[in-house]
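Undergrad: here is my input, please return the structure:
(4 chains)
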2 protein chains.
Amino acid sequence: MSGKPEPGDEKLDLAARAGWLYYVGGETQEVIAATLGVSRPVAQRLIALAVSKSLIKFRLDHPIAACMELAKRLTDRFELSFCEIVPGDPTQPEARVSVAVSAATWLEHYVSQTAPLVLALGTGRTLRTAVAQVRPLSRPQHKVISRVGNMARDGSASAFDVVMRLADGIGSKRYPMPTPVVADSEEERALFQTQRSFRLLFELAAQAKATFVGIGEIGWNAPLHSDGFITDQELAELSERGAVGEITGWAFDEGGRILDGSVNARVVSLPITQPSDGLVIAVGNGPGKVVPIRAALRGRLISGLITDDLTAQAVLDS
Amino acid sequence: MSGKPEPGDEKLDLAARAGWLYYVGGETQEVIAATLGVSRPVAQRLIALAVSKSLIKFRLDHPIAACMELAKRLTDRFELSFCEIVPGDPTQPEARVSVAVSAATWLEHYVSQTAPLVLALGTGRTLRTAVAQVRPLSRPQHKVISRVGNMARDGSASAFDVVMRLADGIGSKRYPMPTPVVADSEEERALFQTQRSFRLLFELAAQAKATFVGIGEIGWNAPLHSDGFITDQELAELSERGAVGEITGWAFDEGGRILDGSVNARVVSLPITQPSDGLVIAVGNGPGKVVPIRAALRGRLISGLITDDLTAQAVLDS
DNA sequence: AGATCAAATGAAGAATTGCTCAATCGCGTT
DNA sequence: AACGCGATTGAGCAATTCTTCATTTGATCT
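TA: Below you'll find the model as predicted:
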């Protein structure tokens, strides 16, 4: 019998119904309330819930001229293989949603293929938001790997483990990197790198059809730092040596050159300088990302980019 | 693109932007208008355009999605006032639980109202399971009536008397029909129908806010038969005359037409052709119910339906 | 059982959105 | 250049949606 109506589930079902009727069916909230047998305010709350829980997803199928223009210029200037620019919000240039939705669309593009493939992921808040948007599918033939460790200095696993979330959603095999982002010493790094699981990751990464990475700034509000992957001291040192951005922990300067030594000598992540023949797509937007993105583009650290028009414009204005 | 600014294209671009900002970005139309440099009404028109041209697409990622779709199609096709489709279990297409839980929810919906109301019930295993799920409440102001007799041919009261169970649970007044489902003769039926209690039921049924009925197949494993409400001979006769289903004892053919004469001439139940202005909701699922449900829908015998997605799909595939 | 607290609810009002309609604009025609 | 016609526009209003808040409900702990 199992007649136990789960508390959260039932509500989400209702929310899904409400969302469907509202957005797909175009019904008014009053009608929906009557249909579902609830009051009008409750119907409105259910719809809001459906949106906030991403039960309902919005997608845009239209190449927007200005964005395409920017994409073309970026592609030409920096020899990109892939570039997607979405409309940003001038009043909230930090808003992650738009870029995340676009990234999700492209993640889905790869995920939905039936031929087995390897997807590599970095870290980042936008990436995490994007992964949460990917429609659940059954793709056990795929492999989702991490190019970067998922443990903070204190030994805790990262809350932003995109690999796990994505693999959960699509039922793929998961290959996280159970190490810190930055080792305590070069010796420790060497130790990690000799482990079988690490070498496996190394080999899989070379086969990756696509690699999605976040792109981080170097500064006191850098996620890398505030999430506890690197210490205050390390941050200061990087900054002093000219680092302006990082990808999967690898710090680089304005010219997109990976710094020698310093913290980089202890970064455990897979080397970005040796990617696969697949795409390496950076995902991110916002004023703080302009400099890192420009640097990464100059240094040819990435072959693809997903950002918004404001960031793209700023990157081009150099 | 910097090509030629096509007249329609430019507008669609703007519409896409507006739609994106509205649905993905969650901006207000006023903000969007300012961002795009147009007036508020124009922004609203652009958003509407984006939706109507499917530049923006809505997608529901939830098991309920397919069910909603089916419900909509059934509602449209058969002019239903109410339709609820729940996810069924393909490995156990006969499983009654899901549908029963849903029916219980809707029973509760009516029961929990404080204004006095009349609920009418038919028979059926699913209905019985549903009634057992209704949360006990104190609603002495309600009336629960039966549209159908509760006595088998041998004079014993039915084990599935849903009216008693429901009324017990909610402390309402109960109005069972203390007759057989099928009388021995037309004269006997006439006798029953002149009784005061029967006439009272008749009047109450017209006031019923909602009527929940099971829907039965006509066949050797039909509950109507195996529970002893009709004899082997009667069953054979019905089958021969084209009956494919029954509701509260009234047998109907593929087109949902109530059969003339035969067993129907002795059915004591309240006529389904004269319901109230309230809903008449059929509850049931399983492969055997597909044909009866389709017939009942065709004949407009019911104005509401609760079933599972498998059954609903089969009903639509006609 | 009784008390306490958090969650959920609906009423009411504020904000937003959708729509009508008169005015305007663009554009081809005379 | 003037005219006419249809498309487009924004003002204003009605309908809908969102938010706040007081209240109730249900659950938990003593």
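
Undergrad: how close does residue A:176 get to residue A:148?
TA: 9 Å (C-beta to C-beta, to the nearest Å). (Each C-beta comes from the backbone N, C-alpha and C, glycine too.)

Undergrad: out of the two, which sits in the busier spot?
TA: residue A:148 (30 against 22; other C-beta atoms under 10 Å in any protein chain shown).

Undergrad: quick check: next helix or strand after the helix or strand hosting that one?
TA: Using DSSP states H and E, the element containing residue A:148 is strand A:143-151. With elements assigned by DSSP H and E, the helix or strand that comes after strand A:143-151 is helix A:162-170.

Undergrad: for chain B, tell me whether that following helix is touching it.
TA: No. Contact of helix A:162-170 with chain B (C-beta under 8 Å from any C-beta of the partner chain) is absent, the minimum separation being 9.8 Å.

Undergrad: now that helix against strand A:143-151, angle please.
TA: In terms of direction (axes from the mean of the first three to the mean of the last three C-alpha atoms, to 10 degrees), helix A:162-170 departs from strand A:143-151 by 140 degrees.

Undergrad: give me the distance from helix A:162-170 to the chain's centre.
TA: 12 Å (C-alpha atoms, centre = their mean, to the nearest Å).

Undergrad: the helix or strand following that helix pairs with which strands, and in what direction?
TA: Later in the chain than helix A:162-170, the nearest helix or strand by DSSP H and E is strand A:173-180. Paired strands of strand A:173-180, with direction, are strand A:143-151 (parallel) (DSSP bridges).

Undergrad: what comes up buried for stretch A:76-86?
TA: A:78, A:80, A:82-86 (16 or more other C-beta atoms under 10 Å in any protein chain shown).

Undergrad: put the alpha carbons of that stretch into CSV.
TA: Extracted in CSV, the C-alpha atoms of stretch A:76-86 (Å, rounded to 0.1, in the frame of the first residue of the first chain):
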residue,chain,number,x,y,z
ASP,A,76,37.7,36.0,-35.0
ARG,A,77,39.9,37.8,-32.6
PHE,A,78,40.8,35.0,-30.3
GLU,A,79,40.5,32.0,-32.7
LEU,A,80,37.7,30.4,-30.8
SER,A,81,36.0,27.3,-31.9
PHE,A,82,32.9,28.1,-30.0
CYS,A,83,31.3,31.3,-28.6
GLU,A,84,27.9,31.9,-27.2
ILE,A,85,26.8,35.3,-26.0
VAL,A,86,23.4,35.8,-24.2
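
Undergrad: show residues contacting it.
TA: Applying C-beta atoms under 8 Å, 6 or more residues apart in numbering or on different chains, the contact partners of stretch A:76-86 are A:60, A:64, A:67-68, A:70-72, A:74-75, A:98-99, A:101-102, A:106, A:279, A:281, A:297-298, A:300, A:302-309, A:312, A:316, B:20.

Undergrad: need the buried ones from these selected in PyMOL.
TA: Buried residues within the contacts of stretch A:76-86, by 16+ other C-beta under 10 Å, are selected in PyMOL with:
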select buried, (chain A and resi 60+64+67+68+70+71+74+98+99+101+102+106+279+281+297+298+302+303+304+305+306+307+308+309+312) or (chain B and resi 20)
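
Undergrad: among the contacts of stretch A:76-86, which lie within helices?
TA: Under the assignment DSSP state H, the contacts of stretch A:76-86 contribute A:67-68, A:70-72, A:74-75, A:98-99, A:101-102, A:106, A:297-298, A:309, A:312, A:316 to helices.

Undergrad: quick one: low-confidence ranges for the stretch 201-318 of chain A?
TA: In the predicted model, the stretch 201-318 of chain A carries pLDDT under 70 at residues A:274-276.

Undergrad: all strands for it, in order.
TA: A:210-214, A:216-217, A:245-247, A:250-252, A:279-283, A:304-308 (DSSP state E, counting those that start in this stretch).

Undergrad: wait, what's in contact with the most centrally placed residue in chain A?
TA: The C-alpha lying nearest the average C-alpha coordinate of chain A belongs to residue A:127 (C-alpha atoms, centre = their mean; 1.2 Å). By C-beta under 8 Å, 6+ apart, the contact list for residue A:127 reads A:100, A:103, A:121, A:160, A:162, A:212-214, A:283.

Undergrad: returning to that earlier point: need the buried residues of stretch A:76-86 in JSON lines (columns: pLDDT and distance to residue A:254).
TA: Converted to JSON lines, these look like this (pLDDT from 0 to 100; distance: C-beta to C-beta, whole Å):
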{"residue": "A:78", "pLDDT": "95", "distance to residue A:254": "14"}
{"residue": "A:80", "pLDDT": "94", "distance to residue A:254": "19"}
{"residue": "A:82", "pLDDT": "93", "distance to residue A:254": "23"}
{"residue": "A:83", "pLDDT": "94", "distance to residue A:254": "21"}
{"residue": "A:84", "pLDDT": "92", "distance to residue A:254": "24"}
{"residue": "A:85", "pLDDT": "92", "distance to residue A:254": "22"}
{"residue": "A:86", "pLDDT": "91", "distance to residue A:254": "26"}
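
Undergrad: which of these sits closest to DNA strand D?
TA: residue A:86 (22.4 Å; C-beta to the nearest atom of the strand).

Undergrad: what's across from that closest one in the sheet?
TA: If you apply DSSP bridges, the partners that residue A:86 bridges to are residue A:308.

Undergrad: ok, it to residue B:284 distance?
TA: 48 Å.

Undergrad: just to revisit the earlier point, and the buried residues of stretch A:76-86 near DNA strand C, which?
TA: Among the buried residues of stretch A:76-86, no residue lies close to DNA strand C (C-beta under 7 Å from any atom of the strand).

Undergrad: mind listing which of the residues you listed are in helices?
TA: Checking those against DSSP H, those in helices are residue A:78.

Undergrad: quick one, what contacts the closest residue to residue A:14 other than its chain neighbours?
TA: Nearest residue to residue A:14, sequence neighbours excluded (C-beta to C-beta, 6 or more residues apart in numbering or on different chains): residue A:46, at 5.6 Å. Applying C-beta under 8 Å, 6+ apart to residue A:46 gives the contacts A:11, A:14-15, A:17-19, A:36, A:38.

Undergrad: max pairwise distance over those residues: which two?
TA: A:19 and A:38 (13.7 Å; C-beta to C-beta).

Undergrad: residue A:210 pairs with what?
TA: Counting by DSSP bridges, residue A:210 forms beta bridges with residue A:119, residue A:279.

Undergrad: my read: it touches residue A:111, true?
TA: No. Contact criterion C-beta atoms under 8 Å: residue A:210 and residue A:111 do not qualify, at 9.9 Å.

Undergrad: any common contacting residues for these two?
TA: Common contacts of residue A:210 and residue A:111 (C-beta under 8 Å, 6+ apart): residue A:119.

Undergrad: and the residue lying closest to residue A:166 once chain neighbours are set aside, helix, strand or coil?
TA: Residue nearest to residue A:166 in three dimensions, not counting chain neighbours: residue A:131, with 4.7 Å by C-beta to C-beta, 6+ apart. Reduced to three states with DSSP: H, G, I helix; E, B strand; the rest coil, the structure at residue A:131 is helix.
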